[in-house]
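Peer 1: Sequence and computational prediction follow.
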Amino acid sequence: MHENVPEGRKEPPEEAAAASAETDAKLAELEDRWLRAVADLDNLRRRITRDNERLRAEERARVAAAWLPVLDNLELALSHAGDGDGDAKAVLDGVRAVRDQAVSVLSSLGYPRYDETGVMFDPARHEAVAAVERTDAEPGTVVEVLRPGYGEGERQLRPARVAVAKKAE
């Protein structure tokens, strides 16, 4: 019953039918809006998935393209080494240049190389694989880098593998 109908009185059938039709119309409108919202959400999910896949593919292609000159120079160095005519120093210089180029590519991608000695051991940046007695270095100082590390903080690809000085006994 409606609030504006006094107690004990019944709504005329016309008013009840109109109220029911109005309620049905509102319900149909809400259902339509809900179905449209669900469809919009599904479309948004599909578009985001498609966009993410496209962005990943573009980034992979960009990174791969950055490595192509490094690969070209490695092949050039190997061709000089395979001739038999190239001297060992030229091949060694070529390989060093390619290594420097690879380090530069990693740095430009946000992963700088760190291979410094004489710094204090930092477990966030270093992986100690050996402790050596050294009188010329403070205990806990990196005295040798066995494998360089790349990246910093949360963007670290890998820590540097190092030997650390320990107190001489």
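Peer 2: It's in. The shown structure was predicted, so the numbers you read here are calculated from the model rather than taken from an experiment.
Peer 1: Could you use CA atoms for every contact and neighbour count after this?
Peer 2: Will do.
Peer 1: all strands of the protein, in order?
Peer 2: For the chain, the strands defined by DSSP state E occupy 113-114, 126-133, 142-147, 149-150, 160-166.
Peer 1: With respect to Arg36, which of those strands lies nearest?
Peer 2: For Arg36, the closest of the strands of the chain is strand 149-150, at 49.0 Å, according to CA to CA.
Peer 1: what does that closest one contact?
Peer 2: 106, 111-115, 125-126, 156-161 (CA atoms under 8 Å, 6 or more residues apart in numbering).
Peer 1: name the helices or strands packed onto the helix or strand of the chain with the lowest mean pLDDT?
Peer 2: The helix or strand of the chain with the poorest confidence is helix 88-108; it has a mean of 86 (mean pLDDT, DSSP states H and E). Using 3 or more CA pairs under 8 Å, 6 or more residues apart in numbering; DSSP states H and E, the elements in contact with helix 88-108 are helix 13-83, strand 113-114.
Peer 1: Mind pulling up the pLDDT for the nearest residue to Leu106 once chain neighbours are set aside?
Peer 2: The shortest distance from Leu106 to any non-neighbouring residue, by CA to CA, 6 or more residues apart in numbering, is to Pro112 (6.2 Å). At Pro112, the model reports a pLDDT of 92.
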